[in-house]
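Engineer: Here's my sequence, what's the structure:
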Amino acid sequence: MTRPAHRSIDYGNLMHRAMRGLIQEVLTRISSEGLPGKHHFFITFDTMHPDVEIADWLSDRYPGEMTIVIQHWFDNLTVTDEGFSITLNFGDSPEPLYIPFDAIRTFVDPSVEFGLRFENQEGDDEEEEEDEEAPMQEMAEPEEDAPKKGDAQVVSLDSFRKS
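Structural biologist: Sure thing, here's the model as predicted:
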């Protein structure tokens, strides 16, 4: 049996798939057991991804990317192999969303300073791989901009980074 000489292991793609699997597993647990302790998530995603389903007013307001917060109130969290759907409050208006895993750019749980970042969705390179493996230790506990009970707020991830 002859193997082509040009084949190689695509570690970047394998890493992305493993990281998405981790997000899927965490959200699946949350959908059945709820959020434990002080855990909460900031999930930034590409609003222009063809499979993202959000209200028109949200995609108009956030034409490139948007960050959702899963913390005090959420409903109808359903997780599949491809993505998740969830209902969140924006002001006092519950809005259903569907976010495919491959539209996610960052997944952060600031309560334990854990974060995943998907740098380059279209192609992988060695520089990106190094970034993914580095822990996101720059995350800080949110203070003033933290969502109030009963609200999910759209926030900029930069507001939670230490200078």
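Engineer: Which positions in the longest helix along the chain come out as buried?
Structural biologist: In the chain, with assignment by DSSP state H, the single longest helix is helix 11-33. Neighbour-count burial for helix 11-33, counted by 16 or more other Cβ atoms under 10 Å, picks out Gly12, Met15, His16, Met19, Arg20, Ile23, Gln24, Val26, Leu27, Ile30. No exception for glycine: its C-beta is placed from N, CA and C like everyone else's.
Engineer: my guess is the fourth one meets Phe114, correct?
Structural biologist: No. If you go by Cβ atoms under 8 Å, Met19 and Phe114 don't touch, sitting 11.5 Å apart.
Engineer: that older thread, for the buried residues of helix 11-33, which one is nearest Ile70?
Structural biologist: Ile30 (7.4 Å; Cβ to Cβ).
Engineer: got the contact list for that closest one?
Structural biologist: Ile70, Leu77 (Cβ atoms under 8 Å, 6 or more residues apart in numbering).
Engineer: what ranges do the strands span in this structure?
Structural biologist: 41-46, 65-70, 75-79, 83-90, 93-100, 104-109, 114-117 (DSSP state E).
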